[in-house]
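Trainee: give the three-dimensional model of this entry:
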Amino acid sequence: MPVAINPRKLRGSWSDGYALDVHTLGSTFLGHNAFGHPEFDTKRTPLGDLLYRLKNNGDQTVVPEIIETVAAFFERWGIKVDAIVPVPPSNLRRKHQPVIAMAHRLSETIGVPVSEGCVTKVKNTAQLKDVFDFAKRTEILFGAFAVDVAKTKGKRLLLFDDLFRSGATVSAITQVLMTTGAAGAVYLQP
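Mentor: This next block holds a predicted model:
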């Protein structure tokens, strides 16, 4: 059963895009644990909690519920796409890559193929989770992605990611898909 969401339209260089919900509603500092690490009481949306469990705890059992929610929104959205393009992972040390796994599950659910490898990361960059300045994020990502034009030219693509913070990563990928990749349209669904 899909979880409750609060979609919001995302403005950017893509043809159209929506974030299904925020992930964190609030976080209260509780103090430090016995090892000196900070502890927080964090409140998440239902979808945010599922994504947290997947990304931080490796809980693969939440993928069907996440994808059921994404697929239900996709159906209501009413766009037509030729392929799902997962955003390349930023943490290559993960045994299971959440975005790739979810893209394949979404593909099975909505009947649209995954075009894995049509966007590749060609430049090592620092993880952006601790970089808060949009201009700095954009600078770090400049020239970081390449596309396989044979897989993108004239295609309507669903750029798929799990989180949306500033939009710097998906903006950089959209730019390369639309220019070098000659995509017909890029729709964003983080």
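Trainee: all contacts plus neighbour counts: C-alpha atoms, from now on.
Mentor: Will do.
Trainee: and the gap between Asp161 and Val70?
Mentor: Using Cα to Cα, to the nearest Å, one gets 11 Å for the distance from Asp161 to Val70.
Trainee: quick one: stretch 169-179 to chain centroid distance?
Mentor: Computed by Cα atoms, centre = their mean, to the nearest Å, the chain-centroid distance of stretch 169-179 equals 13 Å.
Trainee: contact partners of that stretch?
Mentor: For stretch 169-179, the external contacting residues (Cα atoms under 8 Å, 6 or more residues apart in numbering) are 12-14, 87, 119, 137-138, 141-142, 145-147, 152, 159, 183-186, 188.
Trainee: just the buried subset of the residues you listed, please.
Mentor: In the contacts of stretch 169-179, burial by neighbour count holds for 13-14, 87, 119, 137-138, 141, 145-147, 152, 159, 183-186, 188, counting by 16 or more other Cα atoms under 10 Å.
Trainee: okay, now the unreliable bits of this structure?
Mentor: For the chain, the stretches with pLDDT under 70 are 91-94, 126-129.
Trainee: scan it for its longest helix.
Mentor: helix 63-77 (DSSP state H).
Trainee: for Leu25, which residues are in contact?
Mentor: Leu25 neighbours (Cα under 8 Å, 6+ apart): Thr42, Lys43, Arg44, Thr45.
Trainee: now the residue sitting nearest the centre point of the chain: how far from Thr169?
Mentor: Centroid check for the chain by Cα atoms, centre = their mean gives Asp161 as the closest residue, at 1.3 Å. Separation of Asp161 from Thr169 (Cα to Cα) stands at 10 Å.
Trainee: got it, and Ile100?
Mentor: For Ile100, the distance to Thr169 - Cα to Cα - is 16 Å.
Trainee: the closest residue in space to Tyr18 that isn't next to it in sequence: neighbouring residues, count only.
Mentor: Excluding its sequence neighbours, the residue lying closest to Tyr18 (Cα to Cα, 6 or more residues apart in numbering) is Lys9, at 4.5 Å. Using other Cα atoms under 10 Å, Lys9 is surrounded by 12 other residues.
Trainee: ok, Lys9 - contacts?
Mentor: Counting by Cα under 8 Å, 6+ apart, Lys9 has contacts Asp16, Gly17, Tyr18, Ala19.
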